[in-house]
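S.K.: Sequence plus the predicted model coming up.
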Amino acid sequence: MSTSVIEGIPPDPILERRELVQRVARRTLDRRMLVSRGMVGLCGVTLLIALIPLFAILYSLIQKGMHWWSIDFFTKVPQFPSLIDPNDIGGISNAIIGSLVIDGIAALFAIPIGVIAGLFLAESDSKFASALRTTAEIMTGLPSILLGIFAYQMIVIGFNEWGIKLPGIGFSGIAGSFAIGVLMIPVIMKASETALRAVPSTIREAGLALGARRGIVARKVVIPTALPGLITAVLLAFSRAVGETAPILWVIGASTMVQWNPKMQMASMPLAIFQSATSPYVALREAAWGIALFLVCVVLVLNLGSRFFAAWLQRERR
Amino acid sequence: MVLPMIVALSRDAIAIVPHDQFEGALSVGATKWQVLRKVVLPGARTGIVGAVTLATARALGETVAVAMVIGLNPLFPPSLFSTASTLASTIALQFQDATPLQVAALGALAVILMTLTAIVNWFGRRLVRGAAFRAGVV
């Protein structure tokens, strides 16, 4: 089979080497394929292990939380269980309204700031922009508890140092909105920068070639093109902010009434979970599952909704 | 809680390894695992280390989930199985009814926590960005 056995032709060192390699490769092929199959299988197994917590959480949420859901659970205000009916814990309407108002106000000021700052990051190549980007990246990684302390010092008890006086406004929904909004801004900034950078530079240059100024190109060309991505960015940041507990832990106070006025103390869903889960009443501890299930559903709907909406918008364009 | 983060960021790091290299290795007879082990993982190593670093920064600052299960131990924990406290959980659990002196002490903890996470985070970002930059995807 080898060429070197043909008479008269001297053995070719290159061919010999190739043959040796092929022979060794053939001999080890079975072993290598076996190892490969095993290791790729192992990757699959670790993926399954990684998925176990997710499904375990979902399972226990649904199993322990679903039966708390009722009309009363969503429309009544909370009450402590009495001796007569230890399972009567009222509802969480105050927490739902509180979350709605707090996160709504936070989104109202965080979205414009975040998107416009993201536009700046995407359009500018200056030193300032890269410093801003680094700052935003570090801020997205900061523990949210620090924002809680920050909001408490600055907004709740006020700030009185270095001759700057900032009167505190006390525990209020506004203070919570501030903390949540500060948390959202860098996330929106980074995500919208990515979305805006994904706009093909040919489109941008076409606009410039027609004589439009950069501001007009940004407003009339770049932002409309990147709109699906921007909406996804904003909704993902919002859905992350909805579930944050630590920033509002001390700043929104507490309220057992349905409270629409953000200047007053309010309740919030993540905080309601935390307080119920650590309360001394068995029924309240169990009801925390119900609130958690609702919060997970809200976040899931926001998450999936943003993706579907962006995909739908992308399709409509074509 | 950091597991999904490591998965997502590592996936990004692995995805930027050029496909040509993958196919090139396959074409000279390497098996799938050999390609992953010898080509893809070395190429994505910086990005994966960056992902783990970022996840560590997130873990350092994880507050409420830790605070609910860790207890509160003001002493050095004798073992891994005893109640302990982290920087973030101490702040979360004690801030509510702290005396002014305690507030100042917790503020100092917050400064330590912030410096620590900022450094780890910055380092992780640099690794991830460096990996993306070298692969030509910025």
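M.R.: Nice, thanks for sending it over.

S.K.: ok, the nearest residue to residue A:279 once chain neighbours are set aside - how many residues close by?
M.R.: Excluding its sequence neighbours, the residue lying closest to residue A:279 (Cβ to Cβ, 6 or more residues apart in numbering or on different chains) is residue A:285, at 6.2 Å. Placement of C-beta: from N, CA and C, glycine included. Using other Cβ atoms under 10 Å in any protein chain shown, residue A:285 is surrounded by 13 other residues.

S.K.: a strand runs through residue A:285, doesn't it?
M.R.: No - going by DSSP: H, G, I helix; E, B strand; the rest coil, the assignment for residue A:285 is helix, not a strand.

S.K.: Now do the contacts for it.
M.R.: A:276, A:277, A:278, A:279 (Cβ atoms under 8 Å, 6 or more residues apart in numbering or on different chains).

S.K.: Ok, residue B:82 next?
M.R.: Per Cβ under 8 Å, 6+ apart, neighbours of residue B:82: residue B:73.

S.K.: Check for me that it belongs to a helix.
M.R.: No - judged by three-state DSSP, residue B:82 forms no part of a helix; its state is coil.

S.K.: what pLDDT does the residue nearest to residue A:279 get?
M.R.: Predicted confidence (pLDDT) for residue A:285: 83.

S.K.: Roughly how far does it sit from residue A:174?
M.R.: According to Cβ to Cβ, to the nearest Å, residue A:285 and residue A:174 sit 31 Å apart.

S.K.: which non-adjacent residue is nearest the residue of chain B found nearest chain A?
M.R.: The nearest approach of chain B to chain A comes at residue B:61, 2.4 Å away (Cβ to the nearest Cβ). Of all residues not flanking residue B:61 in the chain, residue A:143 sits nearest, at 2.4 Å (Cβ to Cβ, 6+ apart).

S.K.: thought that neighbour was touching residue B:60?
M.R.: Yes - taking contacts as Cβ atoms under 8 Å, residue A:143 lies within contact range of residue B:60: 7.1 Å.

S.K.: any residues in contact with both of the two?
M.R.: Going by Cβ under 8 Å, 6+ apart, residues that sit against residue A:143 and also against residue B:60 are B:88, B:113, B:117.

S.K.: Also near chain A: which of those, exactly?
M.R.: B:88, B:113, B:117 (Cβ under 8 Å from any Cβ of the partner chain).

S.K.: Filter the residues you listed down to the ones in helices?
M.R.: B:88, B:113, B:117 (DSSP state H).

S.K.: Could you double-check that residue B:34 lies in contact with residue A:39?
M.R.: No - using Cβ under 8 Å, residue B:34 is not in contact with residue A:39, being 9.3 Å away.

S.K.: Spell out the residue ranges of the helices in chain B.
M.R.: B:3-15, B:19-27, B:32-35, B:41-61, B:64-70, B:87-94, B:100-134.

S.K.: rank the ones you listed by mean pLDDT and give me the bottom one.
M.R.: helix B:64-70 (a mean of 81).

S.K.: Show me what that helix is in contact with.
M.R.: In contact with helix B:64-70 (Cβ under 8 Å, 6+ apart) are residues A:245-246, A:249, A:270, A:274, A:277-278, B:1, B:83-86, B:88-89, B:92-93.

S.K.: looking at the helices of chain B, which is buried most?
M.R.: helix B:87-94 (a mean of 23; mean count of other Cβ atoms under 10 Å in any protein chain shown).

S.K.: Dump the C-alpha coordinates for that one into CSV.
M.R.: Extracted in CSV, the C-alpha atoms of helix B:87-94 (Å, rounded to 0.1, in the frame of the first residue of the first chain):
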residue,chain,number,x,y,z
LEU,B,87,-19.8,43.1,54.2
ALA,B,88,-23.1,43.5,52.4
SER,B,89,-25.2,41.4,54.8
THR,B,90,-23.9,43.3,57.9
ILE,B,91,-24.9,46.6,56.3
ALA,B,92,-28.3,45.3,55.4
LEU,B,93,-29.1,43.7,58.7
GLN,B,94,-27.7,46.4,61.0
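
S.K.: I'd like to know which elements that helix is packed against.
M.R.: helix A:144-151, helix B:41-61, helix B:64-70, helix B:100-134 (3 or more Cβ pairs under 8 Å, 6 or more residues apart in numbering or on different chains; DSSP states H and E).

S.K.: quick check, distance from it to the centre of its chain.
M.R.: 20 Å (Cα atoms, centre = their mean, to the nearest Å).

S.K.: By residue count, what's the longest helix in chain A?
M.R.: Chain A, longest helix under DSSP H: helix A:13-65.

S.K.: All the helices of chain A, residue numbers only.
M.R.: Under DSSP H, chain A gives helices at A:13-65, A:71-75, A:93-123, A:127-141, A:144-151, A:173-197, A:201-209, A:214-217, A:223-242, A:269-277, A:282-317.

S.K.: hang on, residue A:190 packs against residue A:136?
M.R.: Yes - between residue A:190 and residue A:136 there is a contact at 5.7 Å, judged by Cβ under 8 Å.

S.K.: Chain B contacts on chain A?
M.R.: Applying Cβ under 8 Å from any Cβ, one finds that chain A approaches chain B through A:25, A:32-33, A:35-40, A:50, A:53-54, A:134, A:137-138, A:141-146, A:148-149, A:152, A:245-246, A:249-250, A:270, A:274, A:277-278.

S.K.: what's near enough to touch residue 122?
M.R.: Since no chain was named, I'll use chain A. A:192, A:193, A:196, A:197, A:222.

S.K.: meant chain B actually
M.R.: For residue B:122, the contacting residues are A:134, A:137, A:138, by Cβ under 8 Å, 6+ apart.

S.K.: can you do 10 Å?
M.R.: In this structure, residue B:122 makes contact with A:134, A:137, A:138, A:141, B:53, B:57, judged by Cβ atoms under 10 Å, 6 or more residues apart in numbering or on different chains.

S.K.: Next, count neighbours for the third one.
M.R.: Residue A:138 is flanked by 18 other residues according to other Cβ under 10 Å.

S.K.: before we move on, what about the second one?
M.R.: The burial count assigned to residue A:137 is 20, neighbours taken as other Cβ under 10 Å.

S.K.: tally of neighbours for the residue lying closest to residue A:88 once chain neighbours are set aside?
M.R.: Spatially, and ignoring its direct neighbours in sequence, residue A:88 is nearest to residue A:81 (5.9 Å; Cβ to Cβ, 6+ apart). Counted with other Cβ under 10 Å, the neighbours of residue A:81 add up to 17.

S.K.: Residue A:81 contacts residue A:287, correct?
M.R.: Yes - between residue A:81 and residue A:287 there is a contact under Cβ atoms under 10 Å: 9.3 Å.

S.K.: Between those two, which contacts overlap?
M.R.: With Cβ under 10 Å, 6+ apart as the test, residue A:81 and residue A:287 both reach A:87, A:89, A:90, A:279, A:281.

S.K.: Any chance of a markdown table for these, columns neighbour count and pLDDT?
M.R.: A markdown table is the format used below for the shared contacts of residue A:81 and residue A:287 (neighbours: other Cβ atoms under 10 Å in any protein chain shown; pLDDT from 0 to 100):
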| residue | neighbour count | pLDDT |
| --- | --- | --- |
| A:87 | 12 | 70 |
| A:89 | 24 | 74 |
| A:90 | 18 | 76 |
| A:279 | 16 | 81 |
| A:281 | 14 | 81 |
